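Enquirer: how would this look folded up:
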Amino acid sequence: MIKLPPFDKNFGKEIKTIDIEGHKPTHASVLLLWYSKPTKNVKKVCELGSGTGFVSFGLEKYYKLEVLGLEILKELYDNALKAIYINKAKKVNFMHIDVKDVKKHLKAESFDMVVFNPPFHFSSTSNKIIREKSRKGSLSILQDFVVSASFLLKNKGLFVTVISPYVLPVFMNLLTSNKLTPQQMCIAYGKKAELVLIRGRKNGGNHLEIDPPVFLY
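Expert: Take a look at the predicted model:
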């Protein structure tokens, strides 16, 4: 796979997003952007669940990619569109669609890379509506993200994702059953293992490399 630079918690600080109360870029967003350093053949990428656009803007800014972000929540989508001009992004666009509906709007195998930070907090509760909707996960939502990623990826295309260790076993099963082969993994620690980053390829070879851990604090 690819050798990554050391993680910097300030990575992406130049990116400007229009945030909503209860929703702003998190450690998972910064880690996903860092771990999404593309291989040379990657030119066109789709972000599933792009929120207000932090990762999408970073993919263009740092890696010079053409990016399409898909977001179901209208408030986040609208703010991502506004932030295109703030970030002077020339190769970033967004669509207001549900991830599970990609087959209705996009062609199969049309992207070199797909990145996604799916809602994985199965027990999440919040009185902030946007926070609750953007973080609340379920097995069916995880499956929607994985199935759509596989649909959009070219054969041997690269996927990059981030997930909670609590749902890692079921998530790995979803990936492999949908032709997405994990090949590179990194664990991010706070007081304990908090996040797992995964890179791999559609119909990729069955080998897995474990990267040095990241320490968030």
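Enquirer: burial of F54, as a residue count?
Expert: For F54, the neighbour count with other C-beta atoms under 10 Å is 27. (Each C-beta comes from the backbone N, C-alpha and C, glycine too.)
Enquirer: quick one, what contacts it?
Expert: Contact analysis of F54 by C-beta atoms under 8 Å, 6 or more residues apart in numbering lists G12, I15, T17, P25, S29, L33.
Enquirer: Can you name the next helix or strand after the helix or strand of the chain with the lowest mean pLDDT?
Expert: Here the helix or strand of the chain ranked lowest by mean pLDDT, DSSP states H and E is helix 129-135, holding a mean of 54. Moving toward the C-terminus from helix 129-135, the next helix or strand (DSSP states H and E) is helix 139-152.
Enquirer: In CSV, could you pull the C-alpha coordinates for that following helix?
Expert: This file holds the C-alpha atoms of helix 139-152, laid out as CSV (Å, rounded to 0.1, in the frame of the first residue of the first chain):
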residue,chain,number,x,y,z
LEU,A,139,-26.3,-2.1,10.9
SER,A,140,-28.5,-1.2,8.0
ILE,A,141,-26.8,2.3,7.6
LEU,A,142,-23.4,0.7,7.7
GLN,A,143,-24.5,-1.7,5.0
ASP,A,144,-25.8,1.1,2.8
PHE,A,145,-22.4,2.9,3.0
VAL,A,146,-20.5,-0.2,2.2
VAL,A,147,-22.8,-1.4,-0.7
SER,A,148,-22.7,2.0,-2.2
ALA,A,149,-18.9,2.3,-1.9
SER,A,150,-18.5,-1.0,-3.7
PHE,A,151,-21.0,0.1,-6.5
LEU,A,152,-19.2,3.3,-7.1
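Enquirer: Can you name every helix or strand that the following helix or strand past it contacts?
Expert: Later in the chain than helix 139-152, the nearest helix or strand by DSSP H and E is strand 153-163. With contacts taken as 3 or more C-beta pairs under 8 Å, 6 or more residues apart in numbering; DSSP states H and E, strand 153-163 sits against helix 27-35, strand 111-116, helix 139-152, strand 193-202.
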